[in-house]
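[1] any chance you could fold what I've pasted below:
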Amino acid sequence: MALSFETHAAFFSTETEQPSAVDPQVFVEDAAAPEATGPQGIKHVAGVRPALIERDSKTSRLFNAAHKPLGFDLQSWLAASADASIVQTDGKVVFKASFKHLQPNASYSLFENHFDTRPISFTPLDGAGTGNNFTTGADGTAAVTVTLPAMPTHDNAVLLVYHSDGKAHGTVRGQIGLNAHHQIIARPQ
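    Presented below is the predicted three-dimensional model:
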């Protein structure tokens, strides 16, 4: 099964019927922005707001919810892509992906997003949190193979999480909007 990744911003905006595309987990500077809680329930300090995909300049520098610079711009963030598939062979379910245009020498992890639970939940893609973390190369690429505990369905999605603190978080995603940011997502058909 081939997986088609899209930005988390596009996925979130469509799923939650946002009036305009927004990335609720990365922020841009805006002197008029008060301290507030964004569209995904992430509290941010005054002076930053969630990035508006079609309104903000692609060269806008990005920050976390505490106004800490992430070190890249909106265009770089939105450029992430993957060629990925899930295959079942010899009784094993294996996810294989080649990621491009990620942040160089950066910490990432893969999670399964469970839309079939209330509230929505997340588990490490490998089920254990030991094989779902990886570091990109200096060119922002990575080739990843993960053995899954079961074949995901349309009730789930494969989620790529960027760790702005540079640390692997194992079984948890981290603090969303502060040191963990959903970058791209793929939902099996």
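
[2] and the longest helix along the chain, how far out from the chain's middle?
    The longest helix of the chain (DSSP state H) is helix 8-15. Mean-position distance between helix 8-15 and its chain equals 11 Å (Cα atoms, centre = their mean, to the nearest Å).

[3] what packs against the helix or strand just after it?
    Sequence order places strand 22-29 as the next helix or strand after helix 8-15, per DSSP states H and E. Using 3 or more Cβ pairs under 8 Å, 6 or more residues apart in numbering; DSSP states H and E, the elements in contact with strand 22-29 are helix 8-15, strand 48-52, strand 61-63, helix 74-78, strand 180-186. Quick note: C-beta positions are derived from backbone N, CA and C, even for glycine.

[4] pick the most buried one from the ones you listed.
    strand 180-186 (a mean of 24; mean count of other Cβ atoms under 10 Å).

[5] quick one on the thing from earlier: what packs against the longest helix of the chain?
    Counting by 3+ Cβ pairs under 8 Å, 6+ apart, helix 8-15 packs on strand 22-29, strand 180-186.

[6] make it 6 Å
    strand 180-186 (3 or more Cβ pairs under 6 Å, 6 or more residues apart in numbering; DSSP states H and E).

[7] sweet, I'm off.
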